Structures are given as structure tokens and as C-alpha cells.
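Q: Sequence first, predicted coordinates after that:
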Amino acid sequence: MISASSLKVDFGGRAIFDNISFQINKDDKVALIGKNGSGKSTLLKILSGNTPEYSKYIAVVKGTKIGYLSQDIDFTDTQSVFDEVYKSHSVLSSIQLRIEKIDEIIAITTDYESKEFYDLLDERADLESKFNILGGYQLKERVERILIGLGFSGEQFEKATALLSGGWRMRVELAKILVEEPDLILLDEPTNHLDIDSIEWLEDHLTNYPGAYVIVSHDKLFLDNTTDRTLELFQGKVYDYPFSYTQAIEYKNEIKAQAIAAKQNQEKSIRETEKFIEKFRAKASKARQVQSRVKQLEKIDIIQVPDEDVVLPDINFKSAIAPGKVIVSGEEVSKSFGTENLFNKINFSINRGEKVALIGKNGKGKSTLIKMIMNVENYLGKISLGHNVIPGYFAQNQADELNPEITVYNTIFDIVTGEMTSKVRNILGAFLFSEDDVFKKVKVLSGGERNRLALCKLIVEPSNFLLMDEPTNHLDMQSKEVLKNSLKNYDGTMLLVSHDRDFLSGLVDTIYEVSNQNIKEFHGDLHDYFEERKSIQLKEIQKQQNLQIAKEKTDYKDQKKVKNQLSKTEEQISELEKEIKELEAKIEKMNEFDEKLLKVYDSKKKELEEKVKFWEQLLVEADSLK
């Protein structure tokens with residue numbers, strides 16, 4: 001479907017890709033991995049066709065539609081959320097526009113016998129058929145399903161996209177790609193702006209996606225759940241593994257271990273051969289054997305072991321003095337933005353040593369709650385930090401607090417003391433600052449680099465209560481592992497906001513779920529939370545099913561009762577009509593006034609009217625029960 005042949009890309013004299021070749025086939029589900037700076041985003045951009053200078057290296061099967069989600073998008077959308085996504089399906093949109101245009105022409109046509117008029121009718125019929133075949137009549141439902149899956153509420157459908165934050169606009173861009181269903185999707189960090197529920201929905205959607213896709217992501221669990229092939233970019237080369245991410249890494253490590261063992265055996269054999277040659281070189285009786293060994297050495301194909309990846313050191317957070325038992329507590333806490341209520345008189349308490357994950361849908365108040373605890377956001381109620389609590393806070397915009405005029409190195413060196421002063425380079429290296437990078441001024445760093453530096457700064461500042469909002473953004477997998485290990489060894493208390501399930505798994509022991517203006521506490525790790533939530537959902541489904549069954553049973557009984565009443569009433573009406581007819585015949589033959597007969601007649605007429613009204617009510621009730 002698409003292939004790269006001998007692709008070579010250089011940046012600043014460094015080979016990003018050194019004659020790499022590979023192919024993406026129909027239905028391939030590919031993870032594209034590699035360290036930060038290895039060229040993952042660059043490769044996706046080249047495959048998307050947005051870099052014409054490299055088009056000679058890329059071959060695309062004619063007619064292949066490609067959808068590309070970049071991390072950097074110049075948003076030009078001006079419509080509502082729903083219209084932006086609905087109209088993004090170019091084929092169906094163009095058909096619909098043409099049908100509407102034809103309808104406008106037909107509406108003002110007066111010559112119904114002309115060839116042009118019949119041609120328009122034929123074209124409209126063809127377009128209508130094509131629209132139907134391509135799923136045009138299901139498009140509205142598909143758009144709604146995808147938007148809801150990505151976290152949009154029905155109220156947001158008509159909201160102008162220009163009023164959305166960057167993260168929500170990225171969701172709109174992702175929805176547009178998923179609605180159009182191109183043959184190949186290129187996704188660059190698609191989970192960056194999604195909450196856990198939306199990530200799970202996207203996993204399920206991609207698993208059933210009819211086309212191919214290539215995903216760049218630092219979310220290991222997401223890659224494992226959505227891909228079955230892995231392309232690794234490493235030192236300018238591409239390595240192709242027919243496995244999902246975790247299996248690919250295990251396979252790579254196994255091959256490397258085998259290569260190291262084989263190289264060690266080969267080196268041992270070479271040493272023994274060289275020793276034999278040296279020992280018997282001067283003996284004429286061994287000349288033939290010596291020459292044979294020399295030729296053996298010349299023919300040896302030296303085993304190459306893949307270059308060692310940099311092993312990043314474990315870094316430990318610096319502990320402050322011991323705090324009291326209660327770290328933070330909230331009483332009757334409420335928070336609103338205008339008419340939107342985030343929290344309504346919530347109560348919570350976090351004790352010393354607890355490691356808490358704060359999770360929930362985006363926009364429900366996770367980041368706001370941390371800001372309220374740090375007293376940088378106003379609220380109603382009472383939030384109190386405990387005795388001797390020294391918080392360490394990492395916000396999503398924490399990079400803005402760095403001094404732009406000093407170097408990366410001095411940002412850390414100026415705040416460390418004691419033995420830590422000799423470990424500054426190691427600490428910075430763990431967060432991808434190496435060699436000359438450490439002497440750059442903060443003001444020249446990218447947004448991701450500044451975030452990593454802010455995280456690094458947090459590590460070396462003493463604290464006993466860490467509050468961290470999406471700390472894994474902009475970290476590659478190795479750096480995330482360093483951070484996770486550091487947090488595991490941290491002897492203080494933590495409150496983390498993160499959508500990275502692999503990062504949270506095995507790290508936290510308590511879950512706070514934010515929803516419905518409240519906080520619900522789950523004791524246990526992330527796995528326990530998902531199991532409990534699944535159990536609650538299954539119970540709710542079972543409850544709804546039981547209610548439905550009970551309703552159906554009741555409806556059935558009611559239907560049967562109404563049916564019997566209808567049948568009985570119809571018989572009564574028939575009998576009354578018969579009696580009235582007989583009475584009318586008697587009245588016609590009446591020779592003298594018979595008051596009693598007339599009263600019976602009037603009574604029967606009224607009874608018939610009442611029975612007919614009752615019969616009509618029964619018909620309405622029977623229809624509603626259906």
C-alpha cells in the first residue's frame with residue numbers, strides 16, 4: 001500500500017534516516033517506536049506526503065487515502081464540532097452538496113419534458129444510490145458515536161470549534177480522520193489529549209478498524225492493545241518486528257543476549273587460535289597447521305552486537321522532614337466556573353504514605369482540584385494541609401516557572417546540595433539532557449524540553465507530598481520508566497493525575513475517580529479499580545436487564561389484559577348496537593307514546609357512547625404497550 005525505499009534524511013549533518021526501507025501493507029497495525037529525536041514524527045510526516053522533497057523515496061498505491069494526525073496542527077476550523085466532523089467526509093459531503101444543488105434546480109424548473117430535466121433526475125437517482133451504498137444515511141449516527149467515544153457530550157456538538165482548547169480541537173481532528181475511514185491512518189501521539197475512558201474506546205475502535213494504521217505513542221499498553229507489528233527507529237536504521245511492542249522488546253533483548261553470547265564464544269575461539277599460532281609459528285613441523293589456523297582467522301565473519309542503548313540511572317526524589325498522619329483534607333469543598341459545577345460539597349482525606357491516582361474524564365476537575373489544594377485556584381469550603389507537609393507541585397504549565405536566562409545545568413545545580421552536586425549530569429541525563437544540551441539556556445528549549453527540565457527540578461527539591469499533573473507528557477518510554485521507579489522508591493505521599501495506565505499500574509494504591517461533581521474512592525491499584533468498575537458496570541447492566549425483563553413481563557400481562565378488555569368491549573359494543581337497532585325498530589312501530597321504551601333507548605345510546613370511548617382508550621393503551 002505504501003513503501004519507503006532507501007530513504008535518507010539528514011538534519012544538521014546528522015543522519016536521521018540512513019537508507020532505510022520498509023513497507024506498510026493493507027490491514028497492517030503498526031507501532032512506530034524509538035527514542036525522542038529518532039525521527040518518528042518526521043517519518044510519519046514524510047509518509048503523509050507533506051514533505052514533497054522526500055516524495056521520490058515513497059511509493060503509494062494509486063487511490064490510497066491517507067489520514068494523518070500530527071502533533072502540530074494549524075487549526076482552521078470555524079464550524080460547530082458536529083458540522084466540522086460531519087463535513088470532513090469529503091466524498092459523502094460532495095455527493096450531498098450536489099444532491100442539494102440538483103434539488104434547487106429542479107425546484108425552479110418549469111419544463112418537465114426537457115432532456116435536461118430527465119438527466120438531472122437520473123443523476124440525482126445515481127447520487128442517491130451511491131450515497132446510500134457509501135453509508136451516507138448512517139453518517140450522522142457514526143459521527144455522534146465517534147464524538148461521544150472521544151469524550152464529547154451531546155451539548156458540545158453545537159459548540160463552535162474555535163472556542164475549544166487545543167486538546168479538544170485535537171480530538172476533533174482525530175474524529176474527522178476516524179469518520180472518513182481512510183485506507184491508512186498515521187497517528188502521532190493520539191492519546192496525549194485523551195482521558196482513560198476515551199483511550200479505551202479508541203483502542204476498541206482501532207482494533208476493529210477496517211484499514212491499516214501506524215501509531216507513534218509512548219503509551220506501552222495502548223500499543224500492545226492496538227498493534228501486532230513494530231517498527232523501531234534506532235541510530236538511523238529501521239528494525240522490523242512481527243510483534244506488538246512488549247513482545248518486540250523482549251525479542252530484541254533475547255536476540256541481543258544471543259549475539260553477546262555468540263560473540264563471547266567467538267572471541268574465546270579467536271584467542272585460542274591466536275595462542276596456537278603464536279606458540280607454533282617457529283616450528284617447521286607445525287607450519288601446515290599454523291597456516292591452516294591463519295586462514296581460518298582470515299575467513300571469520302566477526303559477529304556484531306547491536307550498539308548498546310544508553311542505560312539511564314535511577315533517580316530518587318529528595319525527601320523532606322516527616323509530616324503528620326493526615327497530609328491533606330477537604331471539607332464541604334465546592335468549585336464552579338460560571339454555571340458549570342465541578343465539585344459540590346465534596347469531602348476527602350489523604351494520609352501519609354498513600355499514593356493516589358486522580359482519574360476521570362477530561363474537563364471534570366482533576367487538574368483544578370490539585371490547583372485548589374495548592375491554593376492557586378479559588379474555591380468554597382475548606383482544604384487543609386497537615387502538620388509539616390511540604391508539597392512539591394508539577395503542573396502542566398510548570399515549565400513557565402523556569403528562569404529562561406540560565407542554563408539547563410544551572411537550573412538544577414543551583415538548587416542541589418551535598419552529594420547531589422556531583423550527580424547533576426546523571427539526573428539531567430535521565431531526562432534526556434546530554435552532552436552540550438545541558439549548557440543550553442532555558443529560553444531556547446522546546447516546550448517538551450522545558451517540561452522535562454521542570455520535572456527534573458521537582459525531583460531534587462525536598463518535599464514529602466508530590467502533586468503531579470500529567471508528569472509523563474513529553475517523556476519517552478525509558479525516561480518514564482526512570483520516573484516510575486523513582487516514584488516507587490519515594491517514601492512520601494503522592495497525588496497523580498495521569499491517563500497513562502501502564503505508568504500508574506503498580507505505582508498507586510488508591511484511586512480517586514472524579515465524576516458527577518464528586519470524588520469516589522477506590523482502594524487498590526489501577527487493576528483493582530478497573531475490575532471493580534467492570535463489576536459495577538456489569539451489575540448495572542444486569543439491573544437494567546432485570547428491569548427490562550420485569551417491564552416486558554408486566555407489559556405482556558398488560559397487553560394480555562388490554563387485549564381481553566378490547567375483545568370483551570367489542571362484544572359489548574356489538575351487543576349494544578344490536579339492542580339499539582331492535583329498540584329503534586320498536587319505536588318506529590310505536591302507535592302511542594311509550595316513555596319507558598324511550599328511556600331504555602336513551603340509556604342504551606349513552607352506554608354505547610361510553611363503551612366506544614373506553615374502546616378508543618384501550619386502542620391507545622395497546623399501541624403504547626407495543
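A: All right, it came through fine.
Q: For stretch 455-465, buried residues please.
A: Buried residues in stretch 455-465, counting neighbours by 16 or more other C-beta atoms under 10 Å, are found at 455, 456, 457, 458, 459, 460, 463, 464, 465. Just so you know, the C-beta spots here come from the backbone N, C-alpha and C atoms, and that holds for glycine as well.
Q: give me every residue that touches the fourth one.
A: Neighbour list for residue 458: 317, 392, 393, 394, 398, 466, 468 [criterion: C-beta atoms under 8 Å, 6 or more residues apart in numbering].
Q: all helices for the stretch 301-450 of the chain, in order.
A: In the stretch 301-450 of the chain, the helices defined using DSSP state H, counting those that start in this stretch lie at 366-373, 408-413, 424-430, 447-460.
Q: What is the distance between the last one and the centre of its chain?
A: On the basis of C-alpha atoms, centre = their mean, to the nearest Å, the separation between the geometric centre of helix 447-460 and that of its chain is 25 Å.
Q: repeat for the second one
A: Between the mean C-alpha point of helix 408-413 and the mean C-alpha point of its chain there is a distance of 35 Å (C-alpha atoms, centre = their mean).
Q: Pull that helix out as CSV, backbone CA atoms only.
A: What follows is helix 408-413, C-alpha atoms only, in CSV (Å, rounded to 0.1, in the frame of the first residue of the first chain):
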residue,chain,number,x,y,z
VAL,A,408,19.8,23.7,31.9
TYR,A,409,22.7,22.7,34.1
ASN,A,410,22.5,25.7,36.4
THR,A,411,18.7,25.2,36.8
ILE,A,412,19.4,22.0,38.7
PHE,A,413,22.9,22.7,40.1
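Q: what helices or strands is that helix leaning on?
A: helix 424-430, helix 447-460 (3 or more C-beta pairs under 8 Å, 6 or more residues apart in numbering; DSSP states H and E).
Q: thinking again about what came up before, what two of the contacts of residue 458 are the furthest from one another?
A: 317 and 398 (15.4 Å; C-beta to C-beta).
Q: Would you mind identifying the next helix or strand past the helix or strand residue 271 falls within?
A: Assigned by DSSP states H and E, residue 271 belongs to helix 245-280. Following helix 245-280 in sequence order, the next helix or strand is helix 287-299 (DSSP H and E).
Q: So which other helices or strands are in contact with that following helix?
A: Under the contact definition 3+ C-beta pairs under 8 Å, 6+ apart, helix 287-299 sits against helix 245-280.
Q: Mind splitting this structure into its structural domains?
A: 1-65+182-242, 76-159, 249-299, 326-524, 534-625 (automatic domain parsing).
Q: Which of the ones you listed sits closest to residue 175?
A: When the domains of the chain are compared by C-beta to C-beta, domain 76-159 sits nearest residue 175, at 4.7 Å.
Q: May I have the distance across that closest one, first residue to last?
A: Start to finish, the residues bounding domain 76-159 are 15 Å apart (C-alpha to C-alpha, to the nearest Å).
Q: on that earlier part again, distance to residue 44, neighbour count and pLDDT added to the contacts of residue 458, as TSV?
A: Shown next, in TSV, are the contacts of residue 458 (distance: C-beta to C-beta, whole Å; neighbours: other C-beta atoms under 10 Å; pLDDT from 0 to 100):
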residue	distance to residue 44	neighbour count	pLDDT
317	35	22	75
392	35	21	91
393	34	20	92
394	29	21	90
398	28	19	78
466	34	21	93
468	29	23	93
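Q: For residue 313, give me the pLDDT.
A: With respect to pLDDT, residue 313 has a value of 59.
Q: ignore the last one, residue 607
A: 90.
Q: does the nearest residue to it once chain neighbours are set aside sit in a helix, a strand or a coil?
A: Distance criterion C-beta to C-beta, 6 or more residues apart in numbering; nearest residue to residue 607, sequence neighbours excluded, is residue 576 at 6.0 Å. Following DSSP: H, G, I helix; E, B strand; the rest coil, residue 576 is assigned to helix.
Q: Any idea how many residues pack against residue 576?
A: If you count neighbours by other C-beta atoms under 10 Å, residue 576 ends up with 18.
Q: any idea of the mean pLDDT in stretch 216-231?
A: pLDDT averaged over stretch 216-231 gives 94.
Q: residues in contact with it?
A: Stretch 216-231 is contacted from outside by 22, 28-33, 40-41, 44, 187-191, 199, 203, 206-207, 214-215, 238-246, 248, 472, 475-477, 480, 500-502, 505, using C-beta under 8 Å, 6+ apart.
Q: from those, which ones fall inside strands?
A: If you go by DSSP state E, the contacts of stretch 216-231 have 22, 29-33, 187-188, 214-215, 238-241 in strands.
Q: Among the residues you listed, find me the one that's closest to residue 323.
A: Closest approach to residue 323 among the ones in strands among the contacts of stretch 216-231 (C-beta to C-beta): residue 33, at 40.2 Å.
Q: and the residue most central in space within the chain, what is it in contact with?
A: Nearest to the mean C-alpha position of the chain, by C-alpha atoms, centre = their mean, lies residue 199 at 2.6 Å. Shown in contact with residue 199 (C-beta under 8 Å, 6+ apart): 191, 219, 222, 499, 501.
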